[in-house]
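1. I'd like to go over a predicted model; first the sequence, then the structure.
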Number of protein chains: 4
Amino acid sequence: MLDRFAQIRAATEALAAPLSPEDCAGQSMPDASPVKWHLAHTSWFFETFVLEREQPGHVPFDPAFRVLFNSYYQTVGPQHARPERGLLTRPDLERVLAYREHVSEAVADLLARGALSPAAREIVEIGLHHEQQHQELILTDLLHLFSRNPLEPAYRAMAPRAQAKPTPLRFVAHAGGLVEVGHAGDGFAFDNEGPRHAFHLTPFELGSRLVTNGEYRDFVEDGGYARPELWLSDAWATVEAEGWQAPLYWRRDGDAFSQLGLHGRQELDEHDPVCHVSFYEADAYARWAGARLPSEQEWETLASGRSVAGNFVESGALAPRGADERDDAPLQLFGDCWEWTCSPYGAYPGYAPPEGALGEYNGKFMANQLVLRGGSCATPASHVRASYRNFFFPDARWQWSGIRLARDVR
Amino acid sequence: MLDRFAQIRAATEALAAPLSPEDCAGQSMPDASPVKWHLAHTSWFFETFVLEREQPGHVPFDPAFRVLFNSYYQTVGPQHARPERGLLTRPDLERVLAYREHVSEAVADLLARGALSPAAREIVEIGLHHEQQHQELILTDLLHLFSRNPLEPAYRAMAPRAQAKPTPLRFVAHAGGLVEVGHAGDGFAFDNEGPRHAFHLTPFELGSRLVTNGEYRDFVEDGGYARPELWLSDAWATVEAEGWQAPLYWRRDGDAFSQLGLHGRQELDEHDPVCHVSFYEADAYARWAGARLPSEQEWETLASGRSVAGNFVESGALAPRGADERDDAPLQLFGDCWEWTCSPYGAYPGYAPPEGALGEYNGKFMANQLVLRGGSCATPASHVRASYRNFFFPDARWQWSGIRLARDVR
Amino acid sequence: MLDRFAQIRAATEALAAPLSPEDCAGQSMPDASPVKWHLAHTSWFFETFVLEREQPGHVPFDPAFRVLFNSYYQTVGPQHARPERGLLTRPDLERVLAYREHVSEAVADLLARGALSPAAREIVEIGLHHEQQHQELILTDLLHLFSRNPLEPAYRAMAPRAQAKPTPLRFVAHAGGLVEVGHAGDGFAFDNEGPRHAFHLTPFELGSRLVTNGEYRDFVEDGGYARPELWLSDAWATVEAEGWQAPLYWRRDGDAFSQLGLHGRQELDEHDPVCHVSFYEADAYARWAGARLPSEQEWETLASGRSVAGNFVESGALAPRGADERDDAPLQLFGDCWEWTCSPYGAYPGYAPPEGALGEYNGKFMANQLVLRGGSCATPASHVRASYRNFFFPDARWQWSGIRLARDVR
Amino acid sequence: MLDRFAQIRAATEALAAPLSPEDCAGQSMPDASPVKWHLAHTSWFFETFVLEREQPGHVPFDPAFRVLFNSYYQTVGPQHARPERGLLTRPDLERVLAYREHVSEAVADLLARGALSPAAREIVEIGLHHEQQHQELILTDLLHLFSRNPLEPAYRAMAPRAQAKPTPLRFVAHAGGLVEVGHAGDGFAFDNEGPRHAFHLTPFELGSRLVTNGEYRDFVEDGGYARPELWLSDAWATVEAEGWQAPLYWRRDGDAFSQLGLHGRQELDEHDPVCHVSFYEADAYARWAGARLPSEQEWETLASGRSVAGNFVESGALAPRGADERDDAPLQLFGDCWEWTCSPYGAYPGYAPPEGALGEYNGKFMANQLVLRGGSCATPASHVRASYRNFFFPDARWQWSGIRLARDVR
Ligand SMILES: [Fe+3]
Ligand SMILES: [Fe+3]
Ligand SMILES: [Fe+3]
Ligand SMILES: [Fe+3]
């Protein structure tokens, strides 16, 4: 665990390494946080839930950090207002990096000395998975920040890419019936992935790959964003209020579309998966395409038992990539894009949040959000599982979120 | 059907009879509509979906009404803005009543002459159930309007009431397993009640009656509205933003609570069911009480096969009433209060909305809302079924919505 | 005074006579009040400031009215929230008319018996001028309410109108120098019209008549609403935020413009004065026309000593009418449209508000508003003077407000 | 002029020198800009209005800067949205400093070579005064940014201060009559300071010094913020909406008050002038104190001919300081705090903005703002004159704005 701790902490810092202090400080919307805040908050997590409890004679690195870098743990105490994280020009980046080092050393020391109880080690484990979540958010939030700058900076130059052989969309069927859903086995899982339980499925089929930019462009050009009958009522209200006309980072210039990503603005590749769409858009697209979104139980049933391989952050692509026909369908279940399901995020039967502050980690968000599955091009590979449940509000678009179709089989 | 048509149309008008033209014109929030608008819109439904299509040489009563009284049918055409329904001082009440009479006569004539195809008769059937929904809304919206008037007018004087014998809260268990959910049989049901399908239940138990005012007051007095750990994250944000401290129509005067209802302001009866709570409050109360809200499948499983009897609008109480111990638990499944479930409102497996404008009736609302079950003291008795799915946003409080507890059985 | 009291009270009621109870109850924006509220508030004024103080053994007509119909007098006590006046479906119109009758009789009785002190008679005098202000507001607020109804009802059918002979725009010069400004003499004036004081004027000239619809249409068609350089900074922000493209009640259909008024929608008459423009629009128009708006001192200097004659409410036109060349320039100083000045509404040197609640009448509004002069087609003729100062916020458009140009003479 | 150019450019950079890149990038509200933006915008001014026009073969430093650093000049072209200036993490501070150097060298070169026409030299002169305005804004905006950080950083440590001998408040009278107002003579002045013109004054008197923290605290403790009768109507609405209870940077701890400034949080010194109050508060305080605010003509009449000496930015105090009895009353007319007048900011008689883009500098803001006079502890000494007119909205509090009383003499 000591090695993994060091590796994961270092990976976070590596993400921030190419950025200036200003880049690390900016906040472009309440839902997104500054990179610097992510760097500090992930350290706050270890300090608050491990060092405070386990380190003999623990002295806080800076008592003010307890409030500044508390995200939403009411049980821990007050929090600095989320929309104002971008106003924290102090502590500066240097001091936040010192904070990281201080916390990393202290936790590593406890780990090295075998000074942690099993329960504390479990919290370190959660802290590592938590840190990986914020690694992904560093990239999503940074892209959003850059998107609000007319200069449209690139995080990294694009490496030459090998083009996959485009693969036609097929459907992979499942006969339905009683299945088991939820995390099984010994590995790590978040509380919201259990308890494992029986679920009855009606026969269905899933798309063999993600919906592509080219397919989604057809929807746009068919007037998709101007036809209320394709949208849920709340979705249409959002389309009108926000003036949506395409995915978040698309821009139309005449007949051509381009897309902003971590390599700056690029011409749209029609074989790459569409991303940065909301649930509302995914749902409308599916309706237009004569299909629907999968339920999380359908998705998990087809994903279970498959190897968790795909285009994750370690590939270095930092963008979803076209499926390759040589692989076994359904393709792209893992990596590339988080896949919107039609399942509202809620408690599995028998779910109870853990006691204490960590009970706030997942349970209190079980309203108004939708489950996404499978991880994205910004997710660390070791972070995801078939039972992993991510969740966002239906209008959220700044994640690498995409679309897999599903259909009833009658 | 002709008789039912006449009876239901007359029932709507009877609800408005005690009201002045001003009372019928006021709109107190975008979610609520003026009584006059309900009177007209329910006629618009028959004119648009029956007369326009079926009446030879149909001439619109007033062409402007097609827009003014269209609620949300994009397929029919544009709609007068919902928050501005209260600005329609014209047409006045008299003319709207003339519109009702005109439409009623024309539909009755088609019915009497047997001039309607089976499909058209089905739409008349839907129109009657639609009209009953608006009968309930007339009362909920009127109460909300009256609640914004410092004079706190009463819709009707309260009749003397027989006090039920208070009944202690027990739990009624169910062993779980595979059940069937959704409408079955020949009677009328809305599209969203089907298809009937298998669902796997984990063992659970349901409260034997609704939560009472007295029980809820204990929650209030235990600081329930000041303890974030009891609330979902979005719920707590709402509590803070709205300053909620008790159910919608409660008022605290020193140690005493009173409640506004259709009989004006009354001292709180501790044995009556608590009502006018949001999903957020119902969920927080349940957590405080060591329980949870039932799923709609759990609710339906216990309600199926029971007689649909209870305190509906026909009782004349116009308020939820305490459960009576002499009855068979679970009590109050029907009538008194709509019961919040923890189930987000969505499509059953295999659901597809009907073709055409009526496809907008239910399907497009399948996001961001929660299912409520069982009907209320303002619901017509003939309107509800065990499979009936009502739905509202989680912060809605102006319906007669209450709480039934549920628990896992381990 | 008894006669004038009876006459003015009756005139208010006559304005409401053609309206339904619903028409009298609607409120279309926070700045506008329901007709019924005006009817009640003007009675509240007499009850609160005269009867409460002067009537032996005074018993309130309804104690709740003290709050419901208090507009903004903090010294009197709390007020029903202004944006919610339209929710007061009770008291109904009938009861408000009874309230009026009750108050009128009581005040008339005191007047008839000579029971009022000079100070109290002075308050009755203020109450009558106050009532006349609300007579005008009844019409402006009603027109706004009707404008939000797609049926665009007419308050009154338009009588045949004699067309004035169009008169070209000239400028009438004044040599400037030290003048006296503010009310002089024995007649009634509001506190804000004094003290009379010296003011130094630079040479200037005033337009000989109001700006016409035809002239303003040229501004519109010259892209006036799309050229930021013509607008004040705050004005341009308002144009963009509100999407203004023409005066409030204009509508463009192809090349033609029409205008909504108390006679419903009418083709635009190019010789009639433009009205329902904000200060922002008046100022931008003047800049486009190579002129500016007059100061209130300039306006008053030219208006002083002229007879207060013009197109007031008594003419029955209920709309501004084109100037007639036969008259003596400057024309239309009184009646037709309130004329925006460039003068922020403030205190004259030495101004002090009266003691007591009536000190709130004018003084506390001396910020952020602009002075308008001369009265409109909805103003009672006996209400206005050369020294009369009306005031509205710079974005207000629902009054009959128009434009007179001014220029420096160099 | 070359020396002054170099000196003023360097002074701007000196203000930013103690700050980190993050400090220079943060924006705490739409009205305030990042330090980095000020650094760039003042260079944009010279590049756009001098180099573009006068430099042979001018090549833009970066074409994107034309939009990014345009504040509000519609005539120049589009502007990056003001509330999003804090999102510009690129260009970074280093590049902005390079931009400054590039522009400074080019302008200095033109100046050194005598290559500028008199008209162009006049624009350089305006650019220098413009730069001084932004020097003050760098400090006001930075303090606001720091105030939103719970760490309450200090810009600079406080030097030991000599305490002035407290001086009682007296009033200095003026007999009124016809005076001349507006800039006279050869020195630089902004367009809005002229034309010089006659103005008639009624006899008045001005407070001999600024209102102190101690005096204002008495107002606070007398319930000043809870008594609507002391406030203008719009002011009271703001007090309620914003929850104001004291000046912007005051904090109450029990009975003691402290104040945040550029030296961090300090105990309130009761003899120092109160600052960071809005016009609304200044006006309410004056009413409470039985006085009023001066008009700008009154202020200018007493300030004219006096030496422009006071506590300006060069003193290094960076905070207003108590008046010293040894000086000649009225004291503190210059420096310490901008003094709110009761005069709405408008055009003097005969005012016309210059042709071209610089016509937008002052003229288009002549609505809804109030004039302040005399400069503050953050103003460069060479920037201010007796005729200088600053202007802010009536609710603005983040400037060093204070209160001088005035009274009518009867
Ligand atoms: Fe976190
Ligand atoms: Fe309906
Ligand atoms: Fe009034
Ligand atoms: Fe500037």
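-> Thanks, I have it. Ligands and ions are numbered 1, 2, ... in the order given.

2. which residues sit in contact with A:Ala396?
-> Applying CB atoms under 8 Å, 6 or more residues apart in numbering or on different chains, we find A:Ala396 in contact with A:31, A:278-279. Bear in mind the C-beta positions are built from the backbone N, C-alpha and C, glycine included.

3. Narrow those residues to those in helices?
-> Using DSSP state H, A:Phe279 are the members of these that sit in helices.

4. need the contacts of A:Ala396 in a markdown table with neighbour count, can you?
-> Below are the contacts of A:Ala396 laid out as a markdown table (neighbours: other CB atoms under 10 Å in any protein chain shown):
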| residue | neighbour count |
| --- | --- |
| A:Asp31 | 17 |
| A:Ser278 | 26 |
| A:Phe279 | 26 |
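
5. Same list (the contacts of A:Ala396) but as CSV, adding pLDDT and distance to chain D.
-> As requested, the contacts of A:Ala396 are exported to CSV (pLDDT from 0 to 100; distance: CB to the nearest CB, whole Å):
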residue, pLDDT, distance to chain D
A:Asp31, 97, 14
A:Ser278, 98, 22
A:Phe279, 98, 26
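
6. Return the member of the contacts of A:Ala396 nearest to D:Glu136.
-> Checking the contacts of A:Ala396 against D:Glu136 with CB to CB, the nearest one is A:Asp31 at 34.9 Å.

7. Quick check: A:Arg209 is in a helix.
-> No. Using DSSP: H, G, I helix; E, B strand; the rest coil, the assignment for A:Arg209 is coil, not a helix.

8. Contacts only, for the residue of the stretch 51-200 of chain A found nearest chain C.
-> Nearest residue of the stretch 51-200 of chain A to chain C (CB to the nearest CB) works out as A:Pro150 at 19.4 Å. A:Pro150 makes contact with D:64, D:67-68, D:80, according to CB under 8 Å, 6+ apart.

9. From those residues, list the buried ones, please.
-> D:64, D:68, D:80 (16 or more other CB atoms under 10 Å in any protein chain shown).

10. so the first one makes contact with A:Leu151?
-> By that I understand D:Ala64. Yes. Between D:Ala64 and A:Leu151 there is a contact under CB atoms under 8 Å: 5.9 Å.

11. Any stretches of the stretch 301-410 of chain A with poor pLDDT?
-> In the predicted model of the stretch 301-410 of chain A, no residue satisfies pLDDT under 70.

12. Next one: whatever residue of it ends up closest to chain D from A:Met366, what distance?
-> At 13.9 Å from chain D, A:Trp398 is the closest residue in the stretch 301-410 of chain A, using CB to the nearest CB. Distance, A:Trp398 to A:Met366, by CB to CB, to the nearest Å: 22 Å.

13. Using just helix, strand and coil, how would you label the residue with the largest distance to the centre of chain A?
-> Ranking residues of chain A by C-alpha distance from their mean position (CA atoms, centre = their mean) puts A:Gly57 at the top, at 36.7 Å. With three-state DSSP as the basis, A:Gly57 sits in coil.

14. got a pLDDT number for A:Ala256?
-> Note on A:Ala256: pLDDT of 95.

15. what's near enough to touch A:Asn192?
-> Applying CB under 8 Å, 6+ apart, the residues near A:Asn192 are A:345, A:347-348, A:351, A:362-363, A:366, A:389.

16. And the strands in chain A?
-> According to DSSP state E, chain A carries its strands in the segments A:171-174, A:177-181, A:197-201, A:204-207, A:250-253, A:256-261, A:264-267, A:338-344, A:370-373, A:390-392, A:401-402, A:406-408.

17. ok, the shortest one near chain B or not?
-> This points to strand A:401-402. No. Judged by CB under 8 Å from any CB of the partner chain, strand A:401-402 and chain B are separated, with a smallest distance of 15.9 Å.

18. which strands and helices sit next to that strand?
-> helix A:279-288, strand A:338-344 (3 or more CB pairs under 8 Å, 6 or more residues apart in numbering or on different chains; DSSP states H and E).

19. Of these, which stretch is the most buried?
-> strand A:338-344 (a mean of 26; mean count of other CB atoms under 10 Å in any protein chain shown).

20. Give me the contact status of that one with chain B.
-> Yes. Interface with chain B: strand A:338-344 contributes A:342, A:344 (CB under 8 Å from any CB).

21. Okay, now the sheet partners of that strand, with direction.
-> With DSSP bridges as the criterion, the sheet partners recorded for strand A:338-344 are strand A:370-373 (antiparallel), strand A:401-402 (parallel).

22. Point me to the residue of chain A nearest chain C.
-> A:Gly243 (13.7 Å).

23. re earlier: now, which of the buried ones among the contacts of A:Pro150 lie close to chain B?
-> Of those, not one also sits near chain B (CB under 8 Å from any CB).

24. Okay, helices next: where are they in the stretch 201-350 of chain A?
-> Ranges of helices in the stretch 201-350 of chain A, per DSSP state H, counting those that start in this stretch, are A:213-221, A:233-242, A:279-288, A:296-303.
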